[in-house]
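>>> this is a predicted model, with the sequence first.
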Amino acid sequence: MTEQAPEPFEPVVEDWQTAVAIVAHPDDMEYGGAAAVARWTGQGKTVVYVMVTSGEAGIDSMDPEECRPLREAEQIASARVVGVETVEFLGYPDGVVEYGLPLRRDIARVVRRHRPDIVITSNFRETYGGVFLNQADHIAVGRATLDGVRDAGNRWVFRELLDEGHEPWNGVRQIWAASSPEARHAVDTTGTFDLGVASLEEHKAYLAGLGGAMADAREFLEGFGRGAGTRLGTRFAVPFEVFPLR
């Protein structure tokens with residue numbers, strides 16, 4: 001029996017101006033979508049990064065209290081490579097993030113403060129393509145982002161945000177989950193692929209501690225990007241699962 005080819009990807013919409021990326025860890029955007037971010041900032045769009053944790057449990061040989069400021073600094077440097085000037089850290093403990101009301105509230109606050117057109121998060125499905133198990137923080141943050149974005153538009157949810165001066169925001173058009181196995185859309189990153197590699201390479205201490213195939217930034221991202229590009233009809237691409245909100 002001939003194996004059926006996967007369906008082609010559709011391009012994501014790009015008629016927007018501002019986006020906020022809400023992910024669990026430093027490096028999540030670099031493994032999922034930094035080359036896409038470089039494309040968008042190159043178009044004059046504004047993208048803000050929000051890290052729920054500081055990735056302080058990510059290097060086995062380094063105590064978390066020593067690791068935290070290092071990983072934050074690497075993320076800030078990495079973001080600048082792709083044109084992102086604002087990087088925020090919410091301070092949740094790495095590795096044990098829980099889906100729940102506090103996380104939803106903090107995400108709603110972020111959305112109300114920045115008032116974006118698009119919100120980006122990482123894959124929150126249980127696996128990557130039915131092969132590799134996803135990490136618990138990714139799942140919790142992605143699912144909380146879906147709900148927190150909608151909470152941001154309801155003035156009667158998390159009323160304390162009104163007391164803080166954060167008016168509701170219903171302007172998010174879509175939520176995009178990067179690298180989801182359920183992706184049906186993608187963005188061409190052929191012209192910004194090298195910037196995506198350079199952005200990941202700024203995580204020097206993390207990559208050194210990681211080792212293995214994922215530590216080779218260019219080779220790993222090439223394999224990932226070519227597969228998505230084939231389905232989009234380009235050399236390289238980043239896939240997204242798209243959730244329309246209006």
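In hand now; what should we look at?
>>> now do the helices in this structure.
Per DSSP state H, the chain carries helices over the ranges 28-32, 34-42, 64-81, 101-114, 136-151, 160-163, 193-201, 204-210, 217-232.
>>> which elements pack onto the fourth one?
This points to helix 101-114. When contacts are defined as 3 or more CB pairs under 8 Å, 6 or more residues apart in numbering; DSSP states H and E, helix 101-114 packs onto strand 18-23, strand 46-53, strand 87-92, helix 136-151, helix 160-163. Using the backbone N, CA and C atoms, a C-beta is placed for each residue, glycine as well.
>>> wait, which of those is closest to G225?
Each of the helices and strands packed on helix 101-114 has some distance to G225 by CB to CB; the shortest is strand 18-23, at 18.0 Å.
>>> so what strands line up beside that closest one?
The strands beside strand 18-23 in its sheet (DSSP bridges) come out as strand 46-53 (parallel), strand 118-122 (parallel).
>>> most packed of those?
Highest mean neighbour count among those (mean count of other CB atoms under 10 Å): strand 118-122, with a mean of 28.
>>> could I have the CA atoms of it written out in CSV?
Output of strand 118-122 as CSV, limited to C-alpha atoms (Å, rounded to 0.1, in the frame of the first residue of the first chain):
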residue,chain,number,x,y,z
ILE,A,118,-1.8,37.4,17.7
VAL,A,119,-0.6,35.2,20.6
ILE,A,120,1.9,32.5,20.0
THR,A,121,2.6,29.5,22.3
SER,A,122,4.4,26.2,21.9
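>>> for the record, mean pLDDT for it?
On average, the pLDDT along strand 118-122 is 97.
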